[in-house]
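Trainee: Next come a sequence and a model predicted from it.
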Amino acid sequence: MKLGGIYLGDTCIVPRVWRASAWWDRARGLLGRRALGEGEGLLLEPCGSVHTFWMRYPIDLVFLDAQDRLLRTCASVPPWRARAARGASKTLELPAGALRALVLNPGDPCIWRAS
C-alpha cells in the first residue's frame, strides 16, 4: 500500500492515509489491525461499500465518487454493520470521531496525494 494524505484544496485534512488498491489489501482492510490513530486513514479504491464484521472498534467513513467528490459520511459505525453509498467508487476509513474535527460537505473534493 502507498502512503499519502487527503487534501481539501491545498489543505491536508488527513496526513497519513494508506491507499489500498490491490484486491488483497482492499479485502483485508482494517481487519486484524490496530485501530487507526489520529490523522490516519485507509482509502479503499475501488470500493462503494464496506462492512465492519469481525472488527473490534467503530470507524468513520467517507464515500467518494470517481471524481473524488464527497457523497456521504457515516460517523462511528460500530462493529458488525455494513454501509454503502450510491455512486461511490472510493471509501475512506477514519478513526471514530475524526469526522467531528473535519468540516466536510457533499460535493467537496477530497483528493489523495502520495507522500
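Mentor: Looks like it arrived, so ask away. No experiment lies behind these values; they were computed from the predicted model shown.
Trainee: what residues are up against Leu44?
Mentor: Ala20, Arg26, Gly29, Val50, Lys90, Thr91, Leu92, Glu93 (C-beta atoms under 8 Å, 6 or more residues apart in numbering). Heads up, the C-betas are built off the backbone N, CA and C, glycines and all.
Trainee: tell me, how many neighbours does the fifth one end up with?
Mentor: Read it as Lys90. As a burial measure, Lys90 scores 22 neighbours (other C-beta atoms under 10 Å).
Trainee: Relative to Asp25, how far out is it?
Mentor: Distance, Lys90 to Asp25, by C-beta to C-beta, to the nearest Å: 13 Å.
Trainee: Just give me the longest strand of this protein.
Mentor: Longest strand in the chain, counting residues (DSSP state E): strand 11-20.
Trainee: which stretches of this structure have low pLDDT?
Mentor: Scanning the chain for pLDDT under 70 picks out 24, 31-32.
Trainee: Just checking the distance from the longest strand of the chain to the centre of its chain.
Mentor: Centre-to-centre, strand 11-20 and its host chain are 9 Å apart (C-alpha atoms, centre = their mean, to the nearest Å).
Trainee: And it, what does it pack against?
Mentor: With contacts defined as 3 or more C-beta pairs under 8 Å, 6 or more residues apart in numbering; DSSP states H and E, strand 11-20 has these neighbours: strand 2-8, strand 40-44, strand 90-95, strand 111-114.
Trainee: And the contacts of it?
Mentor: With C-beta under 8 Å, 6+ apart as the contact definition, strand 11-20 has outside contacts at 1-7, 26, 28-29, 37, 39-45, 92, 94, 98, 102, 110, 112, 114.
Trainee: Which of those residues are buried? Put it as a ChimeraX command.
Mentor: Buried residues among those (16 or more other C-beta atoms under 10 Å), as a ChimeraX selection:
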select :4,5,6,7,26,29,39,40,41,42,43,44,45,92,94,98,102,110,112
